[in-house]
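Below is the sequence, then the predicted model.
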Amino acid sequence: MASFLAELKKYRFLLTVAGVVLAIVVGENLIFQNPVTLSKIDEVEAGTDTTVTAGGNPNETLSLILIQPDSNEVEFTADTNAQGKAKIVLAGTNLQIVGDYTLYAGHSSKKASDVEESFTVTAGEASLTTSKVSFSQNSLKKGQTAQMVILLKDAYGNPVSGHSLIITPDQSSVEVYTSEFATNEKGHISYSVTGSGVGIVNFSIFDSTEGQNVLGQTQMAFAESNGNENQSISLAENGPITSFTISGLSSETLASQQESLTVKAVDSQGFSVSDYTGTIRFSSSDNEASLPEDYTFLADDQGEHTFSLSVKLITPGTQTISVTDIDQSTLTGSGITSVVTTLDSTSNTDSSYNSDFETTDYTRDGDFTLISPASGSYSTSTVEVQGQGEYGNTAVIFVNDEEAGRTDIAFDNSFNYTLQDLTDGDYSIYAKIVDQSELQKEISNVEKVTIDTTPPALVSITADPEKDIATGSKVTITVLSESELDQASIVFQDQVNTMTETSTSGKYQVDLVMPDKEGDYAMDVDLSDALGNEATYRDQLTITVGPSTETPASTAPEVGIVSGITATGGSEKVALSWETPESSTQIAYYRIYYGPSTDALFAISETYDASTTWSIPELIAKQEYYFAVTAVNVEGTEGATSTVIKAIPELSKEPAPVAEPTVPAITTSYIDITENPESGPATNILAGLSLIAALSYVLLRKRARA
């Protein structure tokens, strides 16, 4: 035993070192026991505060760095709670630039290097103060065309792309046309404006993507003189809104009777603010009142909206109905009415009343639904209003809140009334059931009806090409009319040719092959909308077909063959280069075909521009690949394929030989727990225990030899 203790003293230095190492291992695991985590961040709108959750050790300070698209860094810290969680608010002031952001987080000693989360900030809604409209000319002669360019930006100056706009002039003599579907990546969209009248024209600019008239109105002059000065017009042309007015309320209102009212946005002079698109909320001094839900004004409202049969006051006495903009509490308006109690129904004393027709098994309570009409569109000026009520009462028919007629309810408890000579437009139709004292008993639902008896109009018809049309050639016919027609067709040589609506709303096209015989040929246009309204426009376009002419061949090929192609194998990739081919038009980019053999060039890679060098990455090393290149011009025409060449990618790195240990060895491993993915309390403690076991093994071997 004594000899063993003596031997043990000789190695106490080693035991001391082992104890220190074990203490460090355990201590580090106690301090950094949890990895840093970040919750996923969804797409963020510019300027919006965004909350992210971080995880770490309990009650520690985390280090965070936000990298903005312009490479600026915002550094800050966050303290975790007892559960190791921290809720971090990324301020909208740091998220105002559109683009890709990266948030790094880590233990404070690691300077935010442990984990990262990437996300994208997109543009917000279009802003009146930063967006603008520009005209190529501020006045036009009759029949001339000007360019209207709209630039959409959000409140922070970011371009708003992908938004479709609808431009509506207030004069039918003005036409607005664009071939563009939506604002481009720079927020621009262009329109052509043509007018045949004289005077000031107001244009309403409606953002159909956002569903609101965010850009207000702008103006342009159509005059005899022509200006050449560029004009940039502020979008907020209307006077600013200062309040609301409420109209349509009667001086006296029966308790529990549904009423209508109209809310209008006005400026300081009392004029209507037609570009108001805010959201309003109703309130009343009558706590039991039923009021309309919050409403957001649309561009079609032009600053004024009627709420049909949506107000019901209960408490007798003088009552006030108020309306307030939910975003600007200073914008308010109100209306006053006197609520009177409902009179009790009296018995029918009319001597002409025949009790034999009274139905004792028919009772009604509450509102009812009309049998007809149903909400929708009709191509007739006559509408039948049908419903059911209690025999002996009268059905009063209302159109747009005005009484249009009345009819007695028949003994079978039904009524029928015909509305005639309705002009094209939108109508709100409902019925009230009143007794002989004109006391309202019931009221029907409101049906929204659109009358459209007008056939589609032919705006224009054009041919491409317009002249020098040869026999047997192809001509594209374009017709402009209203959008979503049920059918648009061209009658040419007694044949009906159906047209297809393009991506531009209201634009229809068809390709026609010209006859083999020379001469003048007229075309008819047939248009039909979804309601069945049809119109035929005779001899709307006459084209002259002449003899076929051959176009002399061009001295330069349209797109030449790529030559001088070389391929060099690299680290699991192949680098290619070639010479620019001859071409009658500008080369836009190149297309590389490649594969395992000359007959299997199944893979395709395209260059970003007209550069004559390119690299194909992520190829299998030591395997043969075959490559061919074609050129594509700015019109999308692809040239012939080049000569096929071969190249072999190289290995990225030769594996290092593994050395076999000759004798057992004790190895001390220093592990960075923040970098090693296998680190953690269990791993580090096992390392310490392994070290102690190794030392114990050496001591026991020494003792055994002794």
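Structure's in. What do you need? Numbers count the residues shown, from 1 in each chain.

residues contacting Thr194?
With contact set as CB atoms under 8 Å, 6 or more residues apart in numbering, Thr194 has these partners: Gly143, Gln144, Thr145, Val174, Glu175, Tyr177. Using the backbone N, CA and C atoms, a C-beta is placed for each residue, glycine as well.

Out of those, the closest to Gly55 would be?
Of all these, Gly55 sits closest to Tyr177, with 56.3 Å by CB to CB.

count of neighbours near that closest one?
Neighbours of Tyr177 under the rule other CB atoms under 10 Å: 16.

What residues are bridge-paired with Ser118?
Residues in a beta bridge with Ser118, per DSSP bridges, are Thr102.

Quick check: the gap between it and Asp100.
Applying CB to CB, to the nearest Å, the value for Ser118 to Asp100 is 6 Å.

ok, now Thr262?
Applying CB to CB to Thr262 and Asp100 gives a distance of 48 Å.

neighbour count winner among the two?
Higher neighbour count among Thr262 and Asp100: Thr262, with 16 against 11, using other CB under 10 Å.

Report the contact partners of the more buried one.
By CB under 8 Å, 6+ apart, Thr262 lies in contact with Ile246, Ser247, Gly248, Glu304, His305, Thr306, Phe307.

So if we follow the domain assignment, how does this structure break up?
Domain assignment for the chain by automatic domain parsing gives 2-31+680-705, 37-122, 132-233, 243-340, 365-451, 460-546, 563-647.

what packs against the helix or strand hosting Tyr417?
Tyr417 is part of strand 414-419 when elements are defined by DSSP states H and E. Packing partners of strand 414-419 (3 or more CB pairs under 8 Å, 6 or more residues apart in numbering; DSSP states H and E): strand 383-388, strand 394-399, strand 402-408, strand 425-434.

Repeat the analysis, applying 7 Å as the threshold.
strand 383-388, strand 394-399, strand 402-408 (3 or more CB pairs under 7 Å, 6 or more residues apart in numbering; DSSP states H and E).

Please identify which of these is closest to Leu541.
Taking those one by one with CB to CB, strand 383-388 is closest: 38.2 Å.

Would you mind extracting the C-alpha trace of that closest one into PDB?
The C-alpha coordinates for strand 383-388 follow below in PDB (Å, rounded to 0.1, in the frame of the first residue of the first chain):
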ATOM      1  CA  VAL A 383     -87.700  44.000 -64.000                       C
ATOM      2  CA  GLU A 384     -90.300  42.000 -62.100                       C
ATOM      3  CA  VAL A 385     -90.500  42.600 -58.300                       C
ATOM      4  CA  GLN A 386     -92.100  39.600 -56.600                       C
ATOM      5  CA  GLY A 387     -92.500  38.700 -52.900                       C
ATOM      6  CA  GLN A 388     -94.800  37.600 -50.200                       C
END
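
buried set for it?
Using 16 or more other CB atoms under 10 Å as the test for burial, strand 383-388 gives Val383, Val385, Gly387, Gln388.

contacts for it?
Strand 383-388 is touched from outside by 368, 370-373, 395, 397, 413-419, 422, 429, 431, 444, 449, with contacts defined as CB atoms under 7 Å, 6 or more residues apart in numbering.

can you do 8 Å?
368-373, 395, 397, 409, 413-419, 422, 429, 431, 444, 449, 451.

What of stretch 77-92?
So stretch 77-92 is contacted by 34, 46-64, 66, 103, 108 (CB under 8 Å, 6+ apart).

among those residues, which are in strands?
Thr50, Thr51, Val52, Thr53, Ala54, Gly55, Thr61, Leu62, Ser63, Leu64, Leu66, Leu103 (DSSP state E).

Now tabulate the buried residues of strand 383-388 in CSV and tack on pLDDT.
Formatted as CSV, the buried residues of strand 383-388 follow (pLDDT from 0 to 100):
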residue, pLDDT
Val383, 90
Val385, 92
Gly387, 91
Gln388, 89
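
quick check, nearest of those to Gln96?
Closest approach to Gln96 among the buried residues of strand 383-388 (CB to CB): Val383, at 53.6 Å.

do you know how far the closest one is from Lys448?
As judged by CB to CB, Val383 and Lys448 stand 12 Å apart.

What of Val510?
From Val510 to Lys448 the distance is 36 Å (CB to CB).

the more surrounded of those two?
Legend: neighbour count by other CB under 10 Å for Val510 and Lys448, higher for Val510 (17 against 14).

Hmm, the more buried one is touching Thr500, no?
Yes. Counting by CB atoms under 8 Å, Val510 does reach Thr500; the two are 6.8 Å apart.

Which parts of the stretch 251-400 of the chain are strands?
Counting by DSSP state E, counting those that start in this stretch, the stretch 251-400 of the chain has these strands, from start to end: 252-254, 258-266, 279-284, 295-296, 304-312, 317-325, 332-340, 376-378, 383-388, 394-399.

Include distance to Pro159 when you put these into a markdown table, please.
Formatted as a markdown table, those follow (distance: least, CB to CB, whole Å):
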| stretch | distance to Pro159 |
| --- | --- |
| strand 252-254 | 51 |
| strand 258-266 | 29 |
| strand 279-284 | 26 |
| strand 295-296 | 25 |
| strand 304-312 | 32 |
| strand 317-325 | 28 |
| strand 332-340 | 36 |
| strand 376-378 | 38 |
| strand 383-388 | 48 |
| strand 394-399 | 46 |
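
list the contacts for Tyr590?
Going by CB under 8 Å, 6+ apart, Tyr590 touches Val562, Trp578, Glu606, Thr607, Ala610, Thr612, Trp614, Val629, Thr630, Ala631, Val632.

which among the residues you listed end up buried?
Buried subset of the contacts of Tyr590 (neighbour count, 16+ other CB under 10 Å): Val562, Trp578, Thr607, Thr612, Trp614, Val629, Thr630, Ala631, Val632.

Please report how far Thr394 lies from Thr253.
Distance, Thr394 to Thr253, by CB to CB: 21 Å.

er, Val133 I mean
Distance of Val133 to Thr253, computed by CB to CB: 45 Å.

out of the two, which sits in the more crowded spot?
A direct count of neighbours by other CB under 10 Å for Val133 and Thr253 places Val133 higher, at 24 against 19.

Wait, a strand at Thr93?
No. Counting by DSSP: H, G, I helix; E, B strand; the rest coil, Thr93 is not part of a strand but helix.

Spatially nearest residue to it (excluding sequence neighbours)?
Gly47 (7.6 Å; CB to CB, 6 or more residues apart in numbering).
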